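[1] Build me a model:
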Amino acid sequence: MRRRVPLLACPAVRRAVGLATLEASANRIDNGASKATFSMVMSSPLSHCWTSQQWHPARDDWRTTMDLPQPFWKPSNVEDVGTILERMRTYTGDARAFVVYKCGTVVFSDSTVPRSDSDYEATLTEVVRRAPDFKVVPMKDGNLLVRFAGPVSGLVLAEHYAVNADEIRNGVTTGGLLPGEYLAAPAAVVCAEEHYFAGLYARAKLYSDVETRQITKRYIP
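    You can find the predicted model right below:
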């Protein structure tokens, strides 16, 4: 019997603190397009009980994020973080402070006041300590916003994806999933194939940022 991880769309899981403006912006310009939440589903009945050398989400005695399962693929050809900063600044209406990590993952404050680097980092790493579900939101400008748990998001720029689609698809296909993982979207939602690949590409960038934890850009309104 397969066990489904609670969807990121559930308020108790999403904990979208500080992203009200971003959420409103995304919904406002969505124009009725479906926003698929991809839920991690494991092929094993013990889907969330990894060996002691890997991951057990009920335990707090994990040592480092490197003990957690990761996708084999680590994207090296990623978007310009300065461009990501400018797009995120526009999406939030200059209402949130945030940081952009080396591979483009964004962690938001809940106001115009920035958080400490340790707080940003703790929020970033918390995403991979749970089922790393994601929600893909098409933006009006053609970019794809990829929402993770809490105030953490990735952004896949439309132009970058168009130019590098083959490389991204190959990376996702050969190494974009976690060991034993497959993804499922709600049965009633027809998901664009592009959202599957873009979401896993953004998630692979997230894992790379968790590994390096290098903030490269900061925005304070």
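[2] longest helix of the protein?
    Taking DSSP state H as the assignment, the helix of the chain that covers the most residues is helix 193-212.
[3] That one packs against which elements?
    strand 37-42, helix 117-127, strand 134-138, strand 144-147, strand 152-156, helix 158-175 (3 or more Cβ pairs under 8 Å, 6 or more residues apart in numbering; DSSP states H and E). For glycine as for every other residue, the C-beta is placed from the backbone atoms N, C-alpha and C.
[4] Show me which of those has the highest average neighbour count.
    Mean neighbours per residue, mean count of other Cβ atoms under 10 Å, is largest over those for strand 152-156, with a mean of 26.
[5] tilt between that strand and strand 134-138?
    Counting by axes from the mean of the first three to the mean of the last three Cα atoms, to 10 degrees, strand 152-156 lies at 50 degrees to strand 134-138.
[6] Okay, and the beta partners of the closest residue in space to residue 99 that isn't next to it in sequence?
    Among residues not flanking residue 99 along the chain, residue 215 sits closest, at 4.8 Å (Cβ to Cβ, 6 or more residues apart in numbering). Listed by DSSP bridges, the beta-bridge partners for residue 215 are residue 101.
[7] Counting neighbours, what do you get for residue 215?
    Other residues lying near residue 215 total 17 when counted by other Cβ atoms under 10 Å.
[8] Relative to residue 116, how far out is it?
    Here the distance between residue 215 and residue 116 works out to 11 Å (Cβ to Cβ, to the nearest Å).
[9] And for residue 84?
    For residue 84, the distance to residue 116 under the criterion Cβ to Cβ works out to 22 Å.
[10] Could you check which of those two has the larger neighbour count?
    More neighbours sit around residue 84 than around the other of residue 84 and residue 116, counting by other Cβ under 10 Å; the figures are 26 against 9.
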